[in-house]
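Model the structure of this input:
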Amino acid sequence: MIGIIIHPGFQLLDAAGPAAAFELAEHFCPGSYDLKMLAPGGGEIESSSGMRLAARPLSVDVALDTAIISGGEIIRSITAAQEIVAWLRQAGMRRTASVCTGAYLLAEAGLLDGRHATTHWYSLSELRKKHPTVRYVPDRRYVVDRSVATTTGITASMPMMLILIEAIAGRDKAEAVARDLGLDHWDARHDSGAFKFTRPFAPTAIGNTLAFYNHEQLGIRLEPGLDEVSLALVADAWSRTYRSGAVTFAARDGAIVSRDGIRILPDQVAADWPVEQLVPATADMRPAKALDQALRDISARYGARTTDFVAMQLEYPRTPQ
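The predicted structure is shown next:
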């Protein structure tokens, strides 16, 4: 059994990416995976982008083989973070992985003591300061040390899931899933030096924040069977511009079930959304292509500097335009 552990303020892709990858792997290898979305207290859990997922309560009574800890705004709920850390210390999985800043929770639980690891560039300094025994590995978008895996930024979640699938079900299955996701390359190579505070980074953040009078609420339509990974990538990208927020809507209340079985709750019930404030559709694109298209759309709407700012937050390798 595989558990994806979320918390208030989690990154949507940190949950949707692994869920989709393992559901696809189950399609290619039936009976291999039993996937659960878990959170302290269970219920409707709001992500950093505002989108909500339904989760079951996290408990030591749920026996997991593999646990995947999502990153995001961990400080949004200190209580939830503490519950996850306490659970990690007791659960005893065969494999444990974190995405992005989820490494902080692994470190708090002592699971990274003396191990090689990585995390999002923005949080690296704090992690190393508070947990000096963690052996940081640069220029790797994911690091596996024995039974514990960690990743850099959010967009490294899918490559790491493919590594886990390869470990569980073999290289052929991992390659089949990669093709379905539209990933041409999923090795560990990464240029850590490319992700850091740059001269345009802070002015872009401040300028876009101060332009509150131009802040937009953009709508994303939820429909049954949608690709949750493409949705997560696109919603997260638009929510990081500091010029816009992504709001999901559906014609009826209640959870919308994605292609791979994730229950997504709409932010608003509405039959439609103003055309000029609809996020351009990417439903027919594979996830890896959907993010590239979203970044192009952000460039067209807000300019290349904002697009570079978004890509830097996502720790997504991209040549500045």
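
And the helices in the stretch 1-150 of the chain, which stretches?
Remark: helices assigned in the stretch 1-150 of the chain by DSSP state H, counting those that start in this stretch are 12-28, 78-91, 103-108, 124-130.

got the buried residues for the second one?
Within helix 78-91, the residues that count as buried by 16 or more other Cβ atoms under 10 Å are 80-81, 83-85, 87-88, 91. (Each C-beta comes from the backbone N, C-alpha and C, glycine too.)

hey, least reliable of the helices of the stretch 1-150 of the chain by pLDDT?
Between the helices of the stretch 1-150 of the chain, the lowest average pLDDT goes to helix 12-28, which shows a mean of 79.

Dump that one to PDB, keeping only the CA atoms.
C-alpha atoms of helix 12-28 as PDB (Å, rounded to 0.1, in the frame of the first residue of the first chain):
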ATOM      1  CA  LEU A  12      -1.000  20.200  -5.400                       C
ATOM      2  CA  LEU A  13       1.500  18.600  -7.700                       C
ATOM      3  CA  ASP A  14       3.200  16.900  -4.800                       C
ATOM      4  CA  ALA A  15       0.000  14.800  -4.400                       C
ATOM      5  CA  ALA A  16      -1.300  14.700  -8.000                       C
ATOM      6  CA  GLY A  17       2.000  13.700  -9.600                       C
ATOM      7  CA  PRO A  18       2.600  10.600  -7.500                       C
ATOM      8  CA  ALA A  19      -1.000   9.600  -7.600                       C
ATOM      9  CA  ALA A  20      -1.200   9.700 -11.400                       C
ATOM     10  CA  ALA A  21       2.100   8.000 -11.800                       C
ATOM     11  CA  PHE A  22       1.200   5.100  -9.600                       C
ATOM     12  CA  GLU A  23      -2.300   4.800 -11.000                       C
ATOM     13  CA  LEU A  24      -0.800   4.600 -14.500                       C
ATOM     14  CA  ALA A  25       1.600   1.900 -13.200                       C
ATOM     15  CA  GLU A  26      -1.400   0.000 -11.800                       C
ATOM     16  CA  HIS A  27      -2.900   0.100 -15.300                       C
ATOM     17  CA  PHE A  28       0.200  -1.500 -16.800                       C
END
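
same for that helix, what does it pack against?
strand 2-5, strand 35-39, helix 157-169, helix 171-181, helix 228-239 (3 or more Cβ pairs under 8 Å, 6 or more residues apart in numbering; DSSP states H and E).

And the buried residues of helix 78-91, which is closest to Arg52?
If you rank the buried residues of helix 78-91 by distance to Arg52 using Cβ to Cβ, Ala80 comes first, at 14.5 Å.

show me the contacts for the closest one.
By Cβ atoms under 8 Å, 6 or more residues apart in numbering, the contact set of Ala80 is 7-8, 39-41.

Pull out the buried members of these.
Neighbour-count burial (16+ other Cβ under 10 Å) is assigned, among these, to 7-8, 39-40.

Make CSV out of the residues you listed and add distance to Leu218 and pLDDT.
Below are the buried ones among the contacts of Ala80 laid out as CSV (distance: Cβ to Cβ, whole Å; pLDDT from 0 to 100):
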residue, distance to Leu218, pLDDT
His7, 25, 95
Pro8, 22, 94
Ala39, 26, 95
Pro40, 30, 95
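
Any idea which of the helices of the stretch 1-150 of the chain gets closest to Thr241?
Thr241 sits nearest to helix 12-28 of all the helices of the stretch 1-150 of the chain, at 15.7 Å, using Cβ to Cβ.

Now do the buried residues in the closest one.
Neighbour counts over helix 12-28 (16+ other Cβ under 10 Å) mark 12-26, 28 as buried.

farthest-separated two in those residues?
Spatially, the most separated pair among the buried residues of helix 12-28 is Leu12 and Phe28, at 24.5 Å (Cβ to Cβ).

I'd guessed Gly153 sits against Pro317; true?
No. Between Gly153 and Pro317 there is no contact under Cβ atoms under 8 Å: 9.6 Å.

These two: which is more packed in?
Neighbours were counted for Gly153 and for Pro317 using other Cβ atoms under 10 Å; Gly153 has more, 28 against 14.

In terms of pLDDT, where does the more buried one sit?
82.

what's it in contact with, if anything?
Going by Cβ under 8 Å, 6+ apart, Gly153 touches 100, 120-121, 141, 195, 313-316.

Just among those residues, which is most surrounded?
Neighbour counts for the contacts of Gly153 (other Cβ under 10 Å) peak at Cys100, which has 29 neighbours.

so how many other residues sit close to the closest residue to that residue other than its chain neighbours?
Counting by Cβ to Cβ, 6 or more residues apart in numbering, the nearest residue to Cys100 once its immediate chain neighbours are dropped is Gly71, at 3.2 Å. By the criterion of other Cβ under 10 Å, Gly71 has 28 neighbours.

Cool, thanks, signing off.
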